[in-house]
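S.K.: Here is a sequence with its predicted model. Questions after.
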Amino acid sequence: MRVSEPRLSQYLHWTANKKGTPLSGTFELSPCCNMDCRMCYVRKSRQEVEAAGGEITAERWLAMAQECRKAGTLFLLLTGGEPFLYPGFRELYTKLSKMGFLISINTNGTMISEETVNWLREAPPARMNITLYGASDETYNRLCRNPKGYSQTVRTVKLLKEAGITVKLNASMTPYNIDDLDGIYQTAEELNVYVQAAAYMYPPIRKNEKNIGGGDRFTAREAGFWEAEIDRRRLTGEQYQKRVEAIRKNILSKPRISSEEMGEKGEPVRCRAGKTAFWINWKGEMTPCGMMVEPVTYPFRDGLDAAWEKLRKKTGEIRLPVKCRSCSKKDLCPMCAAAIYAETGDFATVPEYLCELTEKKILHTVERIK
């Protein structure tokens with residue numbers, strides 16, 4: 001089972017891009033979380049949050065939501081930290097739902113009770129995105145410092161499915177939980193829920209700007225190896241064989257195009273970030289996506305419309321490395337504006353970590369089928 005974006009959503013984003021509409025938004029309500037995952041890019045303690053001025057009130061989020069709705073926002077993601085820790089989350093969610101947004105929620109799934117599921121059932125979110133960090137409580141304790149996390153998360157998924165609420169699982173693979181990769185896929189199969197795993201972790205520069213190119217994660221070659229192994233698990237044998245054949249035909253057998261032939265400028269931002277999508281963090285800063293620290297605008301200070309137009313303009317000025325534009329491997333590389341900046345501290349510098357990761361991923365994929 002695989003989750004794919006509906007064609008209507010794709011069409012709406014295509015149309016929004018032409019019109020400059022902020023179709024999809026994220027409200028990052030709080031960086032607070034009941035877990036403390038080693039690779040987290042945002043978590044702060046309650047004391048740190050209060051020292052920084054506290055969280056934005058629900059009333060101000062609702063006022064911002066009105067501006068977003070007026071500007072054309074339809075899809076809204078509520079996230080954290082752990083959003084279910086946000087004071088008054090139920091009331092905020094209920095009022096946002098009544099505004100007509102199609103709401104998704106990012107959660108670690110460990111704090112959702114039967115009572116929570118009951119009120120969610122009254123106005124179900126479009127989707128609950130739950131991160132599965134392992135296949136045992138022991139792994140959760142090692143990675144997330146929560147000795148009951150696995151049991152809590154599995155229970156939550158079962159409750160949500162029984163209530164008819166759509167669930168998608170994400171799996172962030174690290175040196176601390178990679179031994180559970182097969183167990184994660186087995187758990188997802190038993191729960192009959194699609195899981196999307198990834199071995200590439202962004203350097204957590206939002207938590208500390210000194211983390212550029214760093215973080216508690218795999219080496220580039222290890223990440224490439226496990227990205228290939230994840231493909232092997234999520235694809236059927238036939239799909240994997242086609243992947244190998246496509247790599248041999250379209251990447252390994254074709255000469256590299258020189259940067260000179262491609263021109264002097266790199267590509268613009270390739271995804272929807274800053275074009276039809278925005279992210280407002282818990283401090284009220286708007287960025288193209290949650291992994292980016294630049295560009296930034298201030299919708300609570302300047303108003304949504306002004307902040308969005310400024311963000312679109314700044315995003316449109318970003319150019320990625322010229323060398324990446326001419327690389328035959330770029331479609332297999334996890335490079336994006338956010339990743340490049342997090343790896344190098346600059347949008348135009350080649351992210352060598354991602355180059356090495358992609359080389360290893362391709363090599364391991366092709367070597368598995370001679």
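M.R.: That came in fine, so what should we check first? Numbers count the residues shown, from 1 in each chain.
S.K.: now the helices for the stretch 51-200 of the chain?
M.R.: 58-71, 89-98, 114-122, 137-144, 149-162, 181-191 (DSSP state H, counting those that start in this stretch).
S.K.: swap in the stretch 251-370 of the chain?
M.R.: Under DSSP H, counting those that start in this stretch, the stretch 251-370 of the chain gives helices at 259-262, 299-302, 304-317, 322-325, 337-344, 352-368.
S.K.: Let me know which of these is the nearest to P147.
M.R.: Closest to P147 of those is helix 337-344 (Cβ to Cβ; 30.6 Å). Where you see a C-beta, it was placed from the backbone N, CA and C, and this is true even at glycine.
S.K.: buried set for the closest one?
M.R.: A337, A338, A339, I340, Y341, A342, E343, T344 (16 or more other Cβ atoms under 10 Å).
S.K.: show me where pLDDT drops low in the stretch 201-350 of the chain?
M.R.: 252-263 (pLDDT under 70).
S.K.: now with 80?
M.R.: When residues are selected by pLDDT under 80, those of the stretch 201-350 of the chain lie in 250-264.
S.K.: can you put the helices of the stretch 51-200 of the chain in TSV and add distance to A197 and mean neighbour count?
M.R.: Formatted as TSV, the helices of the stretch 51-200 of the chain follow (distance: least, Cβ to Cβ, whole Å; neighbours: other Cβ atoms under 10 Å):
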stretch	distance to A197	mean neighbour count
helix 58-71	31	16
helix 89-98	28	16
helix 114-122	25	13
helix 137-144	14	20
helix 149-162	15	20
helix 181-191	7	17
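S.K.: Looking at those, spot the one closest to C37.
M.R.: Once the helices of the stretch 51-200 of the chain are compared by Cβ to Cβ, helix 137-144 is nearest, at 4.7 Å.
S.K.: Can you tell me what sits against the closest one?
M.R.: 35-38, 108, 133-134, 146-151, 153, 174, 176-177, 179-180 (Cβ atoms under 8 Å, 6 or more residues apart in numbering).
S.K.: gap between stretch 37-47 and the chain center?
M.R.: Relative to its chain's centre, stretch 37-47 lies at 16 Å (Cα atoms, centre = their mean, to the nearest Å).
S.K.: same deal with stretch 72-88?
M.R.: That offset, for stretch 72-88, works out to 14 Å (Cα atoms, centre = their mean).
S.K.: where's T287 relative to W119, distance?
M.R.: 31 Å (Cβ to Cβ, to the nearest Å).
S.K.: Give me the local confidence score for T131.
M.R.: Looking at T131, its pLDDT is 97.
S.K.: tell me the contacts of it?
M.R.: N106, T107, N108, G109, L169, N170, A171, S172.
S.K.: Show me which of those is closest to N129.
M.R.: N106 (4.8 Å).
S.K.: Let me see the contact set for the residue nearest to L85 when sequence neighbours are not counted.
M.R.: Nearest non-adjacent residue to L85, counting by Cβ to Cβ, 6 or more residues apart in numbering: C32, 5.1 Å away. Shown in contact with C32 (Cβ under 8 Å, 6+ apart): R43, K44, S45, R46, V49, G80, G81, E82, L85, Y86.
S.K.: three-state assignment of the residue nearest to the first one when sequence neighbours are not counted?
M.R.: Spatial nearest neighbour of R43, chain neighbours left out: C33 (4.9 Å); criterion: Cβ to Cβ, 6+ apart. On the three-state scheme (DSSP: H, G, I helix; E, B strand; the rest coil), C33 is labelled coil.
S.K.: Now do C33, the pLDDT please.
M.R.: pLDDT, C33: 96.
S.K.: My guess is it contacts T79. True?
M.R.: No: contact criterion Cβ atoms under 8 Å: C33 and T79 do not qualify, at 10.8 Å.
S.K.: between the contacts of T131, which is nearest A197?
M.R.: Nearest member of those to A197, counting by Cβ to Cβ, is A171, at 3.9 Å.
S.K.: For the closest one, give me its contacts.
M.R.: Counting by Cβ under 8 Å, 6+ apart, A171 has contacts T131, L132, Y133, L181, I184, V195, Q196, A197, A198.
S.K.: What about the third one, how many residues nearby?
M.R.: The criterion is other Cβ atoms under 10 Å. On that basis, Y133 has 28 neighbouring residues.
S.K.: For it, give its distance to S172.
M.R.: From Y133 to S172 the distance is 7 Å (Cβ to Cβ).
S.K.: Now for the two: what residues contact both?
M.R.: What both Y133 and S172 touch, as defined by Cβ under 8 Å, 6+ apart, is the set C37.
S.K.: these two touch, right, T116 and P83?
M.R.: No: T116 lies out of contact with P83 (Cβ under 8 Å); the separation is 11.4 Å.
S.K.: before we move on, back to that, so which of the helices of the stretch 51-200 of the chain comes closest to I212?
M.R.: Of all the helices of the stretch 51-200 of the chain, helix 137-144 sits nearest to I212, with 22.9 Å by Cβ to Cβ.
S.K.: then the closest one to CSV, C-alphas only?
M.R.: Output in CSV follows, covering the C-alpha atoms of helix 137-144 (Å, rounded to 0.1, in the frame of the first residue of the first chain):
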residue,chain,number,x,y,z
ASP,A,137,10.2,0.1,23.4
GLU,A,138,13.9,-0.5,23.9
THR,A,139,14.7,1.3,20.6
TYR,A,140,12.4,4.2,21.6
ASN,A,141,14.2,4.5,24.8
ARG,A,142,17.6,4.5,23.1
LEU,A,143,16.7,7.0,20.4
CYS,A,144,13.8,9.1,21.8
